[in-house]
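Visitor: Return a 3D structure for these sequence lines:
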Amino acid sequence: MYSYADLEGLLKPDKVRLNESMARHTTFRVGGRADALCLPETRDDLLEVIGWASLRGIPWLLIGNGSNVIFDDEGFRGIVIKIRGSNPANDTLWHLNKDHDLIHAGAGVSLARLAWFSAAYGMSGLEFGSGIPGVVGGSIRGNAGAHNCELSQSIESIELLIPPNTITTISAADVHFSYRHTDIDPNAIITGAVFRLIPEEPELIRDRITSFTEYRKQTQPSADQSAGCMFKNPSGDSAGRLIDLAGCKGWHVGGVKVSEQHANFLVNSGEANTADTLRLIDKVRDRVLIEMGIELELEVRILSPEVA
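Guide: Sure, this is the predicted structure:
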């Protein structure tokens, strides 16, 4: 037998929360309660939690800042591990440092922070990430991109934790990157990465970041209302364009609505739940298939209560 309260002996005070609402930890702000939420600060913390769960056969799930995921209304039966943070110390999952033309970043560093950090040192190549509400680990896993750029273009190497306790580093050249996908072992946890960037005047880099950020504000809903782009763009087209042409802008089910600003975003009015969200997703996919002859593929992950 085990008790989730035993996790409290593994991490610092307030880094373990029992029966925690996932709506508080995702950008779309829906989802029921997880049995436990853990907030590890270091790689050793992460190893401790995963080791504890593995020994007891308890399911666990890793998230970054909670974008691009939607939890079920029933929550999650197991441990959710969230690695978003801001402590830049070298032993944390949020470390950031520069070494010549390389930037070393922990998996929990936000892409916006990474972009601004790189700009401060006159290192270009990650400006596009300033408007993406994700962290390094999850963004590498999904090969995040915007403005005709992708993260894969700047990655030198990736550090992985292979559960329960193996740490290894792989070259980006050994990873197959494609649109919003990599072939990195789904059981491996990305704990950090090294980026090779291009020297440039800091002011020019900051100007591009500001421009990208302003463009995002003007064309997309606020990150604290949505989960990010709901569907992947079909080859040679835009999911938002197709949804708009199919007449779905403004559609709503309960407290969930297709954004009037950008049709590939669903927004939470503040009273949404996952069941209504899934109903609206299905309605939009069906309409686009009927009207445009294209079946949209989800980009956001829908998480069931029993995900292992």
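Visitor: Just the pLDDT at the nearest residue in space to residue 196 that is not next to it in sequence, thanks.
Guide: Nearest non-adjacent residue to residue 196, counting by Cβ to Cβ, 6 or more residues apart in numbering: residue 156, 4.4 Å away. All C-beta spots, glycine's among them, are computed from the backbone N, C-alpha and C. Looking at residue 156, its pLDDT stands at 98.
Visitor: How about residue 88?
Guide: Residue 88 carries a pLDDT value of 66.
Visitor: Quick check, residue 34 in contact with residue 24.
Guide: No. In this structure, residue 34 is not within contact of residue 24 by Cβ atoms under 8 Å, at 10.4 Å.
Visitor: Would you mind telling me which of those two has more residues around it?
Guide: residue 34 (28 against 12; other Cβ atoms under 10 Å).
Visitor: would the more buried one count as being in a helix?
Guide: No. Residue 34 is assigned strand when assessed by DSSP: H, G, I helix; E, B strand; the rest coil, not a helix.
Visitor: Against residue 77, how distant is the residue nearest to residue 52 when sequence neighbours are not counted?
Guide: What sits nearest to residue 52 in space, not counting adjacent residues and going by Cβ to Cβ, 6+ apart, is residue 10, at 6.2 Å. In this view, residue 10 and residue 77 are 20 Å apart by Cβ to Cβ, to the nearest Å.
Visitor: just residue 232 next, same as before
Guide: 28 Å.
Visitor: How about residue 145?
Guide: 33 Å.
Visitor: And for residue 169?
Guide: Taken as Cβ to Cβ, the span from residue 169 to residue 77 is 33 Å.
Visitor: for residue 284, same thing?
Guide: Noted for residue 284: a distance of 29 Å to residue 77, by Cβ to Cβ.
Visitor: So between these two, which is more surrounded?
Guide: residue 284 (25 against 16).
Visitor: where's that one, which helix or strand?
Guide: Assigned by DSSP states H and E, residue 284 falls within helix 274-292.
Visitor: Which neighbouring elements make contact with that helix?
Guide: strand 69-71, helix 239-245, strand 252-253, strand 256-258, strand 266-268 (3 or more Cβ pairs under 8 Å, 6 or more residues apart in numbering; DSSP states H and E).
Visitor: CA atoms only: put it into PDB for me.
Guide: What follows is helix 274-292, C-alpha atoms only, in PDB (Å, rounded to 0.1, in the frame of the first residue of the first chain):
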ATOM      1  CA  THR A 274     -13.700  19.600 -21.100                       C
ATOM      2  CA  ALA A 275     -16.900  17.800 -22.200                       C
ATOM      3  CA  ASP A 276     -18.200  21.000 -24.000                       C
ATOM      4  CA  THR A 277     -14.700  21.500 -25.500                       C
ATOM      5  CA  LEU A 278     -14.700  18.000 -27.000                       C
ATOM      6  CA  ARG A 279     -18.200  18.500 -28.400                       C
ATOM      7  CA  LEU A 280     -17.100  21.800 -30.100                       C
ATOM      8  CA  ILE A 281     -14.000  20.100 -31.500                       C
ATOM      9  CA  ASP A 282     -16.100  17.400 -33.000                       C
ATOM     10  CA  LYS A 283     -18.500  19.900 -34.500                       C
ATOM     11  CA  VAL A 284     -15.700  21.900 -36.100                       C
ATOM     12  CA  ARG A 285     -13.900  18.800 -37.500                       C
ATOM     13  CA  ASP A 286     -17.200  17.500 -39.000                       C
ATOM     14  CA  ARG A 287     -18.100  20.800 -40.600                       C
ATOM     15  CA  VAL A 288     -14.600  21.200 -42.100                       C
ATOM     16  CA  LEU A 289     -14.700  17.700 -43.500                       C
ATOM     17  CA  ILE A 290     -18.100  18.200 -45.000                       C
ATOM     18  CA  GLU A 291     -17.500  21.700 -46.400                       C
ATOM     19  CA  MET A 292     -13.800  21.500 -47.300                       C
END
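Visitor: what about it, distance to the chain center?
Guide: 23 Å (Cα atoms, centre = their mean, to the nearest Å).
Visitor: and the helix or strand following it, which residues are buried?
Guide: Next along the chain after helix 274-292, taking DSSP H and E as the criterion, comes strand 301-303. Residues of strand 301-303 classed as buried: residue 303 (neighbour count, 16 or more other Cβ atoms under 10 Å).
Visitor: swap in stretch 221-237?
Guide: Judged by neighbour count (16+ other Cβ under 10 Å), stretch 221-237 contains these buried residues: 221, 223, 225, 226, 227, 228, 229, 230, 231, 232, 233, 234.
Visitor: Then stretch 177-184?
Guide: Residues 177, 180, 182, 184 are the ones in stretch 177-184 that count as buried (16+ other Cβ under 10 Å).
Visitor: Among those residues, which one lies nearest to residue 131?
Guide: Set against residue 131, the nearest of the buried residues of stretch 177-184 by Cβ to Cβ is residue 180 (16.1 Å).
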